[in-house]
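K.L.:
Predicted structure and sequence below. I'll ask about it afterward.
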Amino acid sequence: MKIVAVDAIPYSIPYRKPLKFASGEVSAAEHVLVRVHTDDGIVGVADAPPRPFTYGETQRGVVAVIETLFAPAVIGLPLTSREMVNAKLARTVGNPVAKSAVDMAIWDALGQTLDLPVTELLGGYTDRMRVSHMLGFDSPAAMVDEATRMRETYGIEVFKVKVGRRPVDLDTAVVRALREGLGDSAELYVDGNRGWTAAESARAMKDMADLGLTLAEELCPADDVLGRRWLVQQLDIPFVADESATTPAEVTREILGGSATAVSIKTARTGFTTSQRTHHLCEGLGVDVVMGNQIDGQLGTACTVAFGAAFDLTSRRAGELSNFLDMSDDLLTESLVIRDGELHVLPGSGLGVRIDPDKLAKYRTDH
């Protein structure tokens, strides 16, 4: 069960349409496939989706740090030495996506070796999650049309609405149109990606007070310490820390400092090992959790649902599990299926995924 090699393969798959939000725009999945090979012939896989406008990582940077620092650090270690792996990776600052992909690929290899699903190794609470669909910037009519299509085609009833534009009326009008178009049965919540000031956020939330929103995420920057605390004190729904709470220490700071009342866990940036720590911390503090999406493809989504389904707390709310539907293709041999508003954990050992070699050959960008 020893690690003998680690691969980092860059690839690019176009989206059917760009996803636009306050902190950036994404038109192609320029990700890195990470593979961990063992002396037993097992290959664990995970996806690294760089987000330079949020965490500073780039596709070339992810490949470089894995090849030059992380692979040499973990080769020779047993799959069961996940704490040692974590300690070795932690010697390098930053690079959360690269670290997380190595971590999750090791968990996948361990599950395959033991012939157990990763979700059962983590906790095994359930085998599915409800799905929330993320709606990027567009006109009110276009966003209502997309939400209606997701409801009719996949049974999705929960929608995360990207906000943060100026004037704020642009986005409050969209949310109002969604409520009118979808009716009271749909769950709506908003994510500002730090696009507004605290004052603009307060005004927007007041304007949408009658729309039955269930969460508000990162409406204003966490760097605006006093303004954010002032905003959170005014809200009667949970305020979700996402980009501002990427480590257990940051979660502690945001929650105990009064700058958030809920946390987004993204396996793409905290893997399985650190996501466990974050989950346990939130559980101990009595903090609500959302399983977030880093504009993941199907491999990343498989990781998110495997973790989210492993625990009671992470499976209570709908997880953000549908953005792979916007990709024009994917690397997996079998596509994930959302049905009746739910996504099931894939059957089989490890993550239950298999990479299609022909698709990888088509989309990799290092040849």
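P.N.:
Looks like it arrived, so ask away.
K.L.:
is it true that Met208 touches Arg176?
P.N.:
Yes - in this structure Met208 lies within contact range of Arg176 using Cβ atoms under 8 Å: 7.2 Å. No exception for glycine: its C-beta is placed from N, CA and C like everyone else's.
K.L.:
Can you name every helix or strand that the lengthiest helix in the chain contacts?
P.N.:
The longest helix of the chain (DSSP state H) is helix 96-114. The contact analysis (3 or more Cβ pairs under 8 Å, 6 or more residues apart in numbering; DSSP states H and E) places helix 96-114 against strand 3-21, strand 24-38, strand 43-48, helix 59-65, helix 82-90, helix 118-122, helix 267-270, helix 273-285.
K.L.:
centroid residue for this protein?
P.N.:
Geometric centre of the chain, nearest residue: Asn293, 2.6 Å, by Cα atoms, centre = their mean.
K.L.:
For the residue nearest to it when sequence neighbours are not counted, the count of nearby residues, please.
P.N.:
Leaving aside its chain neighbours, Asn293 sits nearest to Glu320 (3.5 Å; criterion: Cβ to Cβ, 6 or more residues apart in numbering). Counted with other Cβ atoms under 10 Å, the neighbours of Glu320 add up to 26.
K.L.:
Could I get the contacting residues of Glu320?
P.N.:
For Glu320, the contact set (Cβ atoms under 8 Å, 6 or more residues apart in numbering) comprises 132-134, 160, 290-293, 304.
K.L.:
Turn those into TSV, including distance to Asp329.
P.N.:
Formatted as TSV, those follow (distance: Cβ to Cβ, whole Å):
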residue	distance to Asp329
Ser132	23
His133	19
Met134	19
Lys160	24
Val290	28
Met291	24
Gly292	23
Asn293	18
Thr304	20
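K.L.:
Filter those down to the buried ones.
P.N.:
Buried members of those, scored by 16 or more other Cβ atoms under 10 Å, are 132-134, 160, 290-293, 304.
K.L.:
hmm, back to that, roughly how far is the longest helix of the chain from the heart of the chain?
P.N.:
The gap between where helix 96-114 is centred and where its chain is centred comes out at 16 Å by Cα atoms, centre = their mean, to the nearest Å.
K.L.:
Dump the C-alpha coordinates for that helix into PDB.
P.N.:
Below are the C-alpha coordinates for helix 96-114, written out as PDB (Å, rounded to 0.1, in the frame of the first residue of the first chain):
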ATOM      1  CA  PRO A  96      -4.900  24.500  -1.300                       C
ATOM      2  CA  VAL A  97      -6.200  22.900  -4.500                       C
ATOM      3  CA  ALA A  98      -3.000  21.000  -5.300                       C
ATOM      4  CA  LYS A  99      -2.800  19.700  -1.700                       C
ATOM      5  CA  SER A 100      -6.400  18.700  -1.700                       C
ATOM      6  CA  ALA A 101      -6.200  16.700  -5.000                       C
ATOM      7  CA  VAL A 102      -3.200  14.700  -3.700                       C
ATOM      8  CA  ASP A 103      -5.000  14.000  -0.400                       C
ATOM      9  CA  MET A 104      -8.200  12.900  -2.100                       C
ATOM     10  CA  ALA A 105      -6.400  10.700  -4.700                       C
ATOM     11  CA  ILE A 106      -4.700   9.000  -1.700                       C
ATOM     12  CA  TRP A 107      -8.100   8.300  -0.100                       C
ATOM     13  CA  ASP A 108      -9.400   7.000  -3.400                       C
ATOM     14  CA  ALA A 109      -6.400   4.600  -3.700                       C
ATOM     15  CA  LEU A 110      -7.000   3.500  -0.100                       C
ATOM     16  CA  GLY A 111     -10.600   2.800  -0.700                       C
ATOM     17  CA  GLN A 112      -9.800   0.700  -3.700                       C
ATOM     18  CA  THR A 113      -7.100  -1.200  -1.800                       C
ATOM     19  CA  LEU A 114      -9.500  -2.000   1.000                       C
END
